[in-house]
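Chemist: Turn this into a model:
(3 chains, ligands or ions: 4)
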Amino acid sequence: MEELFYHEKGLFLQKLHPAASLAYICTLLVLTLIFTNPFYLAGLFFCTGLSVWMLEGLETWELFLKGGLFMTVPIMIINPLVSKAGATILWRGPSLPVFGEITVSMEAVFYGAVMSLRLLDVISIFCLYNIMVHPDKAMNMLERFAFKSALVLSLATRMFPAMIRHLENIKEIQLVRGVDFSGGTFKQKINKYTNLIYILLLSSLEDSMEIAEAMHARAFGSGRRTRYVRDSIKPADSVCLAAAAAALLTGAWGTVKGYGVMNFYPRLGPAYSRGDMRMLALLLSMLSIPSLLSWGWRYCRYFR
Amino acid sequence: MAYTIVAALVLAVMFLSFERGKATSKEVALVAVMSAAAAMGRVVFAALPNVQATTFIAMVSGYVMGPESGFMVGAAAALVSNFFMGQGPWTPWQMLAWGLAGASAGLIKRIFPGIGRLGMTFYCLLWGYFFGWIMNLWYWSSFVRPLNINAFIAACISSIWFDSFHAAGNAILYYYFGEGFIKVLKRFYRRMKVTVRYE
Amino acid sequence: MPIFQVKNVSYYYPESEKPALKDINISVDEGEFLLVAGGSGSGKSTLARVLAGLVPDFYGGIFSGRVLFKGRDIRGMDRRKLSRHVGMVFQDPEKQLVKTEAEAEIAFGLENLGLPQQEMLRRVAEAMDFLDLAEVKGRFIDKLSGGQKQKVALASVLAMQPEAIILDEPTSQLDPACAEEFFNLIKRLNEEMGKTVILIEQRLERCFHLADRVAVMKDGKLIIEGAPREVAAKSVAGGMPFIPPVARFFAAMGFPDIPATVKEGRGILKKCLPLHNADEESLGSAGSVEKIGDKSGDVISLKKVWFSYNDKKEVLRDINLRVFPGEFAAILGANGAGKSTLLKIMAGLLHPDRGRVFFQGEECGNKGEIFREKRVAYLAQNPNDYLLQDTVEQELAFTIKNFNIPDDGRIDRLLGEMDLKRHRNKNPRDLSSGERQRVALASVLVTHPSLVLLDEPTRGMDYALKAALGEYLEGLCSSQLCVVMVTHDVEFAAEYAKRVIILHDGKIVSDGSAKQVLGNSMFYSTQMARMCRGFAADILTVEDAMETLAPLLSQNYKLALERGLW
Ligand SMILES: Nc1ncnc2c1ncn2[C@@H]1O[C@H](COP(=O)(O)OP(=O)(O)OP(=O)(O)O)[C@@H](O)[C@H]1O
Ligand SMILES: Nc1ncnc2c1ncn2[C@@H]1O[C@H](COP(=O)(O)OP(=O)(O)OP(=O)(O)O)[C@@H](O)[C@H]1O
Ligand SMILES: [Mg+2]
Ligand SMILES: [Mg+2]
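Modeler: Numbering: from 1, shown residues only, chains lettered A, B, ... in the order given. Ligands and ions are numbered 1, 2, ... in the order given. I've put the predicted structure just below:
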């Protein structure tokens, strides 16, 4: 259950200030969502992969990508089926009541493929988030704006694995008392499993009073509170923050200028132009700064 | 992109409205426990096809504790369970969908206080589909072009079996266990407000 | 000047008819170490909550009387001020930690107090250093051991720099070694840092000697209060169990001067008894296996069993164990040694990676052993996890219905045996903790099993409840049935178990009769055994000592008195 939970490995990218790492991840995400040019999407994929590699997370990435590939299947199928905007028709199907005549065009197939790439991008970025940002750090950031919600989240995160263990114990107890979880109808099964949750809930609610009591005894809600700041901004954080901001601005400027976006319908527009490539090179160099620093931090004394 | 922004805004507004309430330790602890329990709902029924007790628990919490806490329970359940099962682009949308399920149960209680067991069962059934549609909205709004209602309907039809299991699970859970859960939760919720008499 | 003065305090929890506290009067001096003892439900925790200001503010209810903190009424005091001066550590570390990381946890209270950043940094660092928590920094709190979690909880209270610290059974989840370490920390807080400490504890042998003063509660009233020795004398006079074994022994012997520690006890013995040569006796018996009871067919036997969860560390290594009918065996060992895991393997809930398990001669396969479940009763740590039905009777009926056993009056009989007849139609969740435990036990015994497995059955129980449980279990062992129990409570094991097994890091390091194993161990040994080591062999409990030592002792004591040695 906890394989996917964040593992502290003491790596450079994990030690970044949460503001810097979140800014970097958000930039990647926004850029993925505004660009449609496959070269750009592939470039972002490469950048994300680089960071994942620097975080020693290739195995986790593989897990995410495998899951992602499954999710791309419907995109590849539905896009061509519902889109009628493409001009180069590859196949004409029968006519259906709501949808009219089914056609599959080359543009739509291509669009589906590019969108699948985008989906893999997004999934990789979330994978990066998973292995790069300690849940606590993200919640600390949230605490600035929404302290109560952040506390609920951190409390629930702490309790979740303990509850899973508790649930296992409850299930074992039921097993020993003769409940057969594999047999029975759908309804009986739901009944057995709900009993588990019910027992868990009863105990957990009682626990919640004790937790509240412990919080109350530690002066929770007794007036204005301050925030304990653990992370201070280091030079490396400023560099990463600046790189992310620059990449975001460049990307935004580029889209306004028409770079990075590709026309699919009615006919495929050009994906490659010299301006496009220059712009992409610029973006990628900005986005790989954190990974570069990470590499340098490890192998080159000068960077520290 | 536009949908993502709307979703983020809704999340932010709901979080802030939870924030506005008075910060008592009991409320925070109760909401956290319910969120963790709702997150467990994804694990417990793993053996059954798409029965998501999370929806049920979020809705029961919303029903008893009101829309703000209900939203928080659903949203936190999604986020927290994904810390362990993997965050993904689906996370914000699950937060939104489950959060809204919780909040809407709180709202319907306010609007129709006498909704009754059958009414709520039906409402839970509906949320099985709503949940699926919200998740579809994410998927298709980001990856399918041109975006038209037909495409969306196609998506919803393709997931109808999946959603039906979810809906049926919800309905069965509420019909047979809803009242029991609500009774227990209400008892604890009442305990939050204390009165002291000095003699 | 007293730091706390409690004057005529009575208190009712909301919706409860019975007062949890009745007319309590007590005052606690600054820098004092007060130990509060008493039976389950006697109001110890409630008194602690009163002192911490949690009752009545947090709980509500009806309150009368006054509580003064340094001469000022708590009722009018700002809550923030009070929590700055009075800290409280609770029983279960799981239920008092709110953050996912230790440093954030320690800072939580300071944030609530609204302290400036610089001050918080300093205090967090100090608390972590004092409790030696550097290594847990940055780790996910859920992954820490029970002892570490409890230390984090203590640190988070200490960081608030309270003058008085209240601890409500802080070590009931810890193994003997961890508990010892924790008590040493508390002692240092009291002695070196001058903090007032109020400690609630069920197992007095571990802390009686630390206290300056002891208070005993019963039914919401304070019945005895005074220096440890006085309390020991009065308790004995009143026939109450709230004193540690050493004191109980000397009090029962009618000594005028009652010692509270092993050291003092040995001092008295030295005056009265010649020291045996300790080397000769009992050497070589440690670790040897002596079988007790009917040696023909064993109930369960494990042969070369290895086990690991998800293929990481081996949790059980090469376990060989046979349990025979009529035996009452206790498994001891540190937190995480694999005791619960071993019990689950015996119950058929887990299956060994390597090795074989035989139950009544039949080898168990690797699938769900329904046939075994009927004949094995397994009682997990938390009795609440058993309670699902609306009445006690249904709880028992639920089990036999699942196994398709007809009710041939066995429910009736069992309820009678376990003194639960009065409650048969009550909701089990409305019962007291000891009664819940019995309901849970009844709900697994109703199948008439041949092997009873219990995981820490005495946690949080008082002496009376423990004695009742121990006697019931002893009576249960018969030619048909054997009991295996995991426990951290060495005194309990010594009193009732005939056989003791010590597990260390997944290996059985010692297995034999209780006298052999506990008599020779350092940590897993009873207070009486420690005191009598070198004077007489095979003494574990007060009863043992009364039998073998008392005649000698009373003779020599008289002699000593005559010669004026006293
Ligand atoms: N939150 C509560 N609401 C209502 N009644 C309570 C509550 N907590 C305790 N009581 C009741 O108050 C009485 C005293 O309980 P308290 O917890 O103080 O006992 P205790 O001496 O600490 O027992 P234990 O050794 O089992 O912890 C008991 O009868 C108990 O049932
Ligand atoms: N479900 C599980 N999954 C993975 N590891 C586990 C699981 N349960 C226990 N362990 C690990 O196995 C080891 C032995 O655990 P076990 O619960 O058997 O110890 P124990 O002797 O009962 O300890 P305690 O005295 O604290 O109850 C520990 O290191 C623990 O972390
Ligand atoms: Mg108590
Ligand atoms: Mg255990």
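
Chemist: Please identify the helix or strand for the residue nearest to C:I405 when sequence neighbours are not counted.
Modeler: Excluding its sequence neighbours, the residue lying closest to C:I405 (C-beta to C-beta, 6 or more residues apart in numbering or on different chains) is C:T447, at 6.3 Å. Where you see a C-beta, it was placed from the backbone N, CA and C, and this is true even at glycine. Counting by DSSP states H and E, no helix or strand carries C:T447.

Chemist: pLDDT score for C:T447?
Modeler: Here, the pLDDT recorded for C:T447 equals 89.

Chemist: Please report how far it lies from C:L481.
Modeler: According to C-beta to C-beta, to the nearest Å, C:T447 stands 12 Å off from C:L481.

Chemist: quick one, phi/psi of the residue nearest to C:I405?
Modeler: As for C:T447, its main-chain torsions (degrees, to the nearest 10) stand at phi -80, psi 0.

Chemist: Pretty sure it sits against C:A397.
Modeler: No. The criterion here is C-beta atoms under 8 Å, and C:T447 misses it with C:A397 at 11.9 Å.

Chemist: Let me know the secondary structure of residue 9.
Modeler: In the absence of a named chain, chain A is used. Judged by DSSP: H, G, I helix; E, B strand; the rest coil, the three-state class of A:K9 is coil.

Chemist: The chain in question should be chain C.
Modeler: Put simply, C:V9 is strand when judged by three-state DSSP.

Chemist: ditto for the one 10 residues further on
Modeler: Remark: C:P19 carries the secondary structure label coil [criterion: three-state DSSP].

Chemist: name the element C:I502 belongs to?
Modeler: Under the criterion of DSSP H and E, C:I502 resides in strand C:499-504.

Chemist: give me every residue that touches residue 3.
Modeler: Assuming you mean chain A. Residues in contact with A:E3 (C-beta atoms under 8 Å, 6 or more residues apart in numbering or on different chains): none are found.

Chemist: wait, chain C
Modeler: Shown in contact with C:I3 (C-beta under 8 Å, 6+ apart): C:28-30, C:32, C:69-70, C:163-164, C:196.

Chemist: same question, C:R66
Modeler: Going by C-beta under 8 Å, 6+ apart, C:R66 touches C:5-9, C:73, C:75.

Chemist: Got the confidence number for the nearest residue to C:P245 once chain neighbours are set aside?
Modeler: Sequence neighbours aside, C:Q527 is the residue nearest to C:P245 in space, at 4.7 Å (criterion: C-beta to C-beta, 6+ apart). We note a pLDDT of 87 for C:Q527 in this prediction.

Chemist: from memory C:Q527 sits against C:A494, does it?
Modeler: No. Proximity of C:Q527 to C:A494 does not meet the contact threshold set by C-beta under 8 Å, at 9.5 Å.

Chemist: Dead centre of chain A: give me the residue that sits there.
Modeler: A:F126 (2.0 Å; C-alpha atoms, centre = their mean).

Chemist: close to chain C, is the one helix or strand that one maps to?
Modeler: Element membership for A:F126 (DSSP H and E) is helix A:106-132. No. Helix A:106-132 does not reach chain C (C-beta under 8 Å from any C-beta of the partner chain); its nearest approach is 14.2 Å.

Chemist: what's near enough to touch C:R499?
Modeler: C:292, C:327-330, C:511-514.

Chemist: picking that back up, residues near the residue nearest to C:I405, how many?
Modeler: By other C-beta atoms under 10 Å in any protein chain shown, the residues close to C:T447 number 22.

Chemist: How many residues are close by the residue in chain B that ligand 1 sits nearest to?
Modeler: With C-beta to the nearest ligand atom as the measure, B:R191 is the residue of chain B nearest to ligand 1, at 8.3 Å. Applying other C-beta under 10 Å, we find 18 residues neighbouring B:R191.
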